[in-house]
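Trainee: Okay, predicted coordinates and the sequence, questions at the end:
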Amino acid sequence: MLLSSLLGIAQQPFNHDIEGKCSHFNSFKNRLNTPPRDSSYVADTYHTHYMHIKMEVNSDSTNIVGDVSTYAKVTSEQLDTIYLEFNHNLQLDALYLNGQVVDYTLTNAEIFIVLDTPLNMGDDFVVRTMYHGAAKPHAGYHTGLHIAPNGYDNNVVWSFSER
């Protein structure tokens, strides 16, 4: 009986009319109106299915050290270029593809890895990105790195980003 009650609650109609009422909706709508960058087609040639993120942060500074492993699968016939976005406020320390150091081009907060040997449809790969630097503090609630007292004589560090 309890299960059917919970399912009944979950199936109640919801008013999805949020246009003009929600900052998330407006942000998404603005992104749809922005013309795509030339590099966007590169990002459509593979699917990211998991990211393992390790970060070192301190409650008295916006300096961070990051190590992100991105697990993906090729979705096009062949993949000859891997495209990543990178925060221009940070310093890129190392970039690996399947455990091997790779050459890359970093231009306007975009990383391009041109592969010597293309990957084929269905191939899995891992890109590991290591970086450090000062994260932009208080860039708005939904971006940046925030440091604030928690009321118990300690600072709390948090980040919430939609991008």
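Mentor: Yes, it's here.

Trainee: Might you report the residue contacts of the spatially closest residue to Q91 that is not a sequence neighbour?
Mentor: Nearest residue to Q91, sequence neighbours excluded (C-beta to C-beta, 6 or more residues apart in numbering): G133, at 4.8 Å. All C-beta atoms are positioned from the backbone trio N, CA, C, and that covers glycine. G133 sits next to 63-64, 87, 89-91 when contact means C-beta atoms under 8 Å, 6 or more residues apart in numbering.

Trainee: so the spatially closest residue to H49 that is not a sequence neighbour bridges to which residues?
Mentor: Of all residues not flanking H49 in the chain, Y71 sits nearest, at 5.9 Å (C-beta to C-beta, 6+ apart). Assessed by DSSP bridges, Y71 has beta-bridge partners Y50, V126.

Trainee: Y71 against H47, yeah?
Mentor: No: look at Y71 against H47 with C-beta atoms under 8 Å: they stay out of range, at 9.9 Å.

Trainee: And the buried ones among the contacts of G133, selectable in ChimeraX?
Mentor: In ChimeraX, this line selects whichever of the contacts of G133 come out buried by 16 or more other C-beta atoms under 10 Å:
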select :64,87,90
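
Trainee: Go through the contacts of G133 and say which is closest to N108.
Mentor: N87 (11.7 Å; C-beta to C-beta).

Trainee: ok so, going back, which of the contacts of G133 fall in strands?
Mentor: Cross-referencing the contacts of G133 against strands under DSSP state E gives 63-64, 90-91.

Trainee: mind listing the helices for the protein?
Mentor: With helices called from DSSP state H, the chain shows them at 2-10, 23-33, 40-43.

Trainee: so M55 bridges to which residues?
Mentor: Under the criterion used (DSSP bridges), M55 bridges to G66.

Trainee: can you pull the contacts of it?
Mentor: Contacts of M55 (C-beta under 8 Å, 6+ apart): 64-67.

Trainee: Take the contacts of G133 and write them to TSV, including distance to P149.
Mentor: Shown next, in TSV, are these (distance: C-beta to C-beta, whole Å):
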residue	distance to P149
N63	19
I64	20
N87	26
N89	24
L90	26
Q91	29
